[in-house]
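> predicted model, plus sequence, below.
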Amino acid sequence: MLRHDPVRGADLLVLPERVVVLEGHAGRIVGLCDGTRTVPGIVGELAARFPGAPVAAEVPAFLDRLRGEGWLR
């Protein structure tokens, strides 16, 4: 579950037995993982929002790490 902590000013990934503090734009990326978008769709949407950012290389790798940790299906 994705939550925003206004005290920390950070997005949190709330898991059954832990909380992961997401830094930078990680919360925005996780927020797009709603079960309807594909990884290329997420990359495309972020590329449109943040022109020139290296989303094509970094976002798929980030999502793979989240899946590897079991934090994302």
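Arrived safely.

> which elements pack onto the longest helix along the chain?
Of all segments of type helix in the chain, defined using DSSP state H, the longest is helix 55-69. Where contact means 3 or more CB pairs under 8 Å, 6 or more residues apart in numbering; DSSP states H and E, helix 55-69 is packed against helix 26-31, helix 39-49. Where C-beta positions appear, they are placed from N, C-alpha and C, glycine not excepted.

> let's have those in JSON lines, adding mean pLDDT, distance to residue 8 and mean neighbour count.
Written out in JSON lines, the entries for the helices and strands packed on helix 55-69 read as follows (pLDDT from 0 to 100; distance: least, CB to CB, whole Å; neighbours: other CB atoms under 10 Å):
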{"stretch": "helix 26-31", "mean pLDDT": "94", "distance to residue 8": "11", "mean neighbour count": "18"}
{"stretch": "helix 39-49", "mean pLDDT": "96", "distance to residue 8": "23", "mean neighbour count": "15"}
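
> now these in a markdown table, with distance to residue 71?
Formatted as a markdown table, the entries for these read as follows, by distance: least, CB to CB, whole Å:
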| stretch | distance to residue 71 |
| --- | --- |
| helix 26-31 | 9 |
| helix 39-49 | 15 |
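
> of those helices, which is nearest residue 7?
helix 26-31 (15.0 Å; CB to CB).

> packing partners of the closest one?
Using 3+ CB pairs under 8 Å, 6+ apart as the contact criterion, the elements in contact with helix 26-31 are strand 2-5, strand 10-15, helix 39-49, helix 55-69.

> what lies in contact with it?
2, 4, 10-11, 13, 22, 42, 46, 59, 62-63, 66, 72 (CB atoms under 8 Å, 6 or more residues apart in numbering).

> list the buried residues of the longest helix of the chain.
If you call a residue buried by 16 or more other CB atoms under 10 Å, then helix 55-69 has these buried ones: 55, 59, 62-63, 66.
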